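Starting from these lines, generate the structure:
(2 chains)
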There are 2 protein chains.
Amino acid sequence: MAEPATPATPRIQLAHGGGGTLMQQLIDAELRRLYADPDQVLHDAARLSLPHGRLAFTTDSYVVQPLEFEGGDIGTLAVTGTANDLAMAGARPLVLSLGLILEEGLELALLRRIVASLGEASRRCGVTIVTGDTKVVERGKGDGAFLNTSGIGLLQVDEPIDPLAIAPGDQLLVSGDLGRHGVAILAARHGLDLQPPLATDCMPLWPAVEALLAAGVRLHCLRDLTRGGLASALQELAAPGGLELLVEEERIPVAEPVRRTCELLGFDPLHLANEGRFLAVVPEADRQRALEVLAPAGGAWIGQVAAAGHTAGRPRGRVLLRTPFGSERVLVPLSGELLPRIC
Amino acid sequence: MAEPATPATPRIQLAHGGGGTLMQQLIDAELRRLYADPDQVLHDAARLSLPHGRLAFTTDSYVVQPLEFEGGDIGTLAVTGTANDLAMAGARPLVLSLGLILEEGLELALLRRIVASLGEASRRCGVTIVTGDTKVVERGKGDGAFLNTSGIGLLQVDEPIDPLAIAPGDQLLVSGDLGRHGVAILAARHGLDLQPPLATDCMPLWPAVEALLAAGVRLHCLRDLTRGGLASALQELAAPGGLELLVEEERIPVAEPVRRTCELLGFDPLHLANEGRFLAVVPEADRQRALEVLAPAGGAWIGQVAAAGHTAGRPRGRVLLRTPFGSERVLVPLSGELLPRIC
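Residues are numbered from 1 along each chain as shown, chains lettered A, B, ... in the order given. Okay, the predicted model is just below:
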C-alpha cells in the first residue's frame, strides 16, 4: 500500500517579504498578535504616549546560531537583550520595535516558536512591541532568521550611568554566576549532551537595577556581560578613563557545571557571554547595600577600581586579576571572541 | 621581473563582530564619526533630550541588492526610508539607531562608502544617529550587508494620520513621478545600460509633509510608495475601511524613460518601488491647496475615494483604475512583488 502523501512543511517564501497579499497574510496570521494594538500593523510608525521624562534609546541585532538552545531562542534574546541595554542606562524598558530578516525556506513552525518567545519575553520584561518590519532574503543569503530590536526606556536616574563616572576606589560587583549562556550555545551548536542540561541565563535585568536604585545605591556604571563576557566589559570600562581595575579571581562566581565544561573544552568563563548578568560599579560606601540586593540571586563582590596610588608608574587603562596566591596578572584583551554569533 | 605583491584587499573579518579589540578598532576607525556624540560608542544606550511632545517610533531593515545603485546605496535608503516612515506619521524625524549585520569578507572600502552615505543622508534628512550595533556573520550566511534603522520623531499633527481616517470623497495625490527607484535597482541588478542612467528617487519626504501642514492641508492619510509601489499602497488603504478608491490611470505621473523601460521589460510602473514618493489622502476642500504644494516637484492629483453611492451593491475595499477610455478595471493585488529585495 502506498504511503499517504505527507503535506509539504510550510516554509517562508520570498513573496512573504514582498509587500503584497502573502506578506499581509503572514503578518495577520503570525505577527499581529505580538502588538499591543493590532491596528498598529496598518501604520508606518507607532504613535507613542510615553510618561513624561528623559528617554534612553538603544538597538541590537541578533544573529545567534543555532536559533534555539536550552532555555530560550533568538526571540528570547532579542527582547531581553535590548530591554537589558536600556536597564544598563538606568532606564525602565517601555517599548520595542521588531525587525525580522527571514531566509527563504525557514520553517513556519520555527518562526511561530520564535514569535511565541518574543511575546513571552516581552511579558517578562514588561515591554510592548509597538512597530515592526519583515524582510525575506533568498535561500543561502541569510541564516534562518536575523532579528533587530530597538528599544525606548524611561530614565530613572539623574546622574548619567557612564564609564566616565567611574572613580578610583569604586567597587565592582556582578549580579550572578557567569558563563551559562555561552555554555548553552556551545552545547546546542556542537551537540554536547550535558547532564543535566545547562540553560541560558537570559533574564530581565531591570528588576535588579530597580532594586539597587530603591536601596539608594549610587550606580556609577552598569554593563551587561554579553559578547566577550566579563573580560571584555572590564576592558571597555578601564579604557576610557585610563583606570586600573583590580579583580579577585576567586571571587568571580562560576557554577560548577560551567567550570567543569570550561575545563574540559579549554574555555575561560571570564570570556563567555551571559545574557542575564551585569557588572555594577558603585562607590565604596554603597558596596554593602548593593551586595545585600544582589547576593540573594547569586551576586558577588569581585574587586575594585585601584586607588590612584596603586597605579603610580604603571600603564593605565588595564585590568589586573589577582590570583588566590596573591600574584597579579594583566587580563589580555581578545581580538575577537571565543564563540562567534553568541547573541 | 616579478610583480610587486599587491596588498590584500581589506575585508570584514568574523572577529570584527566579536566584542574584542578588532571590533573596537572597526567602530573607532569607521563608525564613530557617524555619531553626534562620539562618546556614545561607550554606552549601551543613548540618553535622549527630545523636545517635549508626542513621539512616533518606527523600524525598517534594509536588504537591497545590489548594495550600490545609481543615485545611492543601502546606506542612503536606510536613513531616508526610516526618516520617511516617521514623516508619513506626521512626525518630524529626530534620531535614528543603526544596526549593521555584515558578512565576513565584505570589502572595507564598500563599507566606508555605505557609512559615508549614512552620514550624508542623515544630514539631508536632519536626523542624528545616536546609537548602534554591529554584528558579523560567516561568509555565505549573509549578503554583504543588512542594515536596520529605527527612528524616533516628534508628532506635528493633533489628529492621527491613519488609514481609518480616510473618508468617502477624499482626494488622492502623489508627490511625484513613479518607478524611478525600481528601475534604478533593476538596471543595477541586471547590468542594463540605460542612457542617460536613471537614478533612484530616494529623497527625504518630511519637507513636503511640513509644507502641506504649513499650508493648512488636513492630512487624513499618508503612505510612502516603497515595496509594492502605488498599487500596494492603494490596496492597503482601501482594505481596512472597506473603501473603494477610484484612480485615473492617465493622471499617474510616470517619467518617459521609466515608461519606456517598463514597456521594454513588461513591468507596470504602478507596482515599482519608490523611495522618495508618497500618496496623500486629503479632504476635497483641501485638494487645491495640497496640489499647489506638491505640483512644483512633479506631484499630481490621481483620483478619489468613492462617495458612498458609488459603492452601493459592489464589493468594498477595492481599487478601481479608470482607463483613458472611461472603462474601469479592478486593480488585482500581487501576492509578492515584481522585484524582491528592492529596499
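
List the contacts of the longest helix belonging to chain A.
For chain A, the helix that runs over the most residues, judged by DSSP state H, is helix A:108-125. Residues outside helix A:108-125 that contact it (Cβ atoms under 8 Å, 6 or more residues apart in numbering or on different chains) are A:9-12, A:30-31, A:33-34, A:67-68, A:72-76, A:78-80, A:83, A:93, A:96, A:98, A:102, A:128-129, A:144-145, A:147, A:203-204, A:206. From N, CA and C alone the C-beta is placed, and that goes for glycine too.

Quick check: chain neighbours aside, which residue is closest to residue A:51?
In this structure, residue A:51 finds its nearest non-sequential neighbour in residue A:154, 5.9 Å apart by Cβ to Cβ, 6 or more residues apart in numbering or on different chains.

Pairing partners for the one you found in the sheet, please.
residue A:55, residue A:92 (DSSP bridges).

Quick one: residues contacting it.
Contacts of residue A:154 were listed using Cβ under 8 Å, 6+ apart, and they are A:50, A:51, A:53, A:54, A:55, A:56, A:91, A:92, A:94.

Could you check the pLDDT of the first one?
In other words, residue A:50. Note for residue A:50: predicted pLDDT of 85.

Secondary structure element for it, which one?
Under the criterion DSSP states H and E, no helix or strand holds residue A:50.

List, one by one, the residues from the stretch 201-343 of chain A near chain B.
A:223-224, A:226-228, A:232, A:236, A:240, A:333-337, A:340-341 (Cβ under 8 Å from any Cβ of the partner chain).

Which two among these are spaced furthest apart?
A:240 and A:341 (27.0 Å; Cβ to Cβ).

Settle it for me: which of those two has more neighbours?
More crowded of residue A:240 and residue A:341, by other Cβ atoms under 10 Å in any protein chain shown: residue A:341, with 22 against 15.

Would you pull up the residue in the stretch 1-150 of chain A closest to chain B?
As assessed by Cβ to the nearest Cβ, chain B sits closest to residue A:15 within the stretch 1-150 of chain A, at 2.7 Å.

can you count the residues close to that residue?
Residue A:15 has 20 nearby residues by other Cβ under 10 Å.

do you know how far it is from residue A:26?
The gap separating residue A:15 from residue A:26 is 9 Å, by Cβ to Cβ, to the nearest Å.

Could I get the full set of strands for the stretch 151-300 of chain A?
Using DSSP state E, counting those that start in this stretch, the strands found in the stretch 151-300 of chain A span residues A:171-174, A:221-224, A:244-248, A:278-282, A:300-305.

got those as CSV, with distance to residue A:186 and mean neighbour count columns?
Below are the strands of the stretch 151-300 of chain A laid out as CSV (distance: least, Cβ to Cβ, whole Å; neighbours: other Cβ atoms under 10 Å in any protein chain shown):
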stretch, distance to residue A:186, mean neighbour count
strand A:171-174, 20, 24
strand A:221-224, 19, 24
strand A:244-248, 24, 20
strand A:278-282, 21, 25
strand A:300-305, 23, 21
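
show me where pLDDT drops low in chain A?
Within chain A, the stretches with pLDDT under 70 are A:1-6, A:40-42, A:308-315, A:337-338.

Okay, domains of it per the record?
Split into domains by automatic domain parsing, chain A comes to A:14-155, A:163-330.

most neighbours per residue, which of these?
Mean neighbour counts were taken over the domains of chain A using mean count of other Cβ atoms under 10 Å in any protein chain shown, and the top value, a mean of 22, falls to domain A:14-155.

Endpoints of it, how far apart?
40 Å (Cα to Cα, to the nearest Å).

How far off centre is it?
15 Å (Cα atoms, centre = their mean, to the nearest Å).

Stretch A:58-68 near chain B at all?
Yes: for stretch A:58-68 and chain B, the contact criterion (Cβ under 8 Å from any Cβ) is met by A:58, A:59, A:60, A:61, A:62, A:63.

Can you lay out those as TSV showing secondary structure?
Formatted as TSV, the residues of stretch A:58-68 next to chain B follow (DSSP: H, G, I helix; E, B strand; the rest coil):
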residue	secondary structure
A:58	strand
A:59	strand
A:60	strand
A:61	strand
A:62	strand
A:63	coil
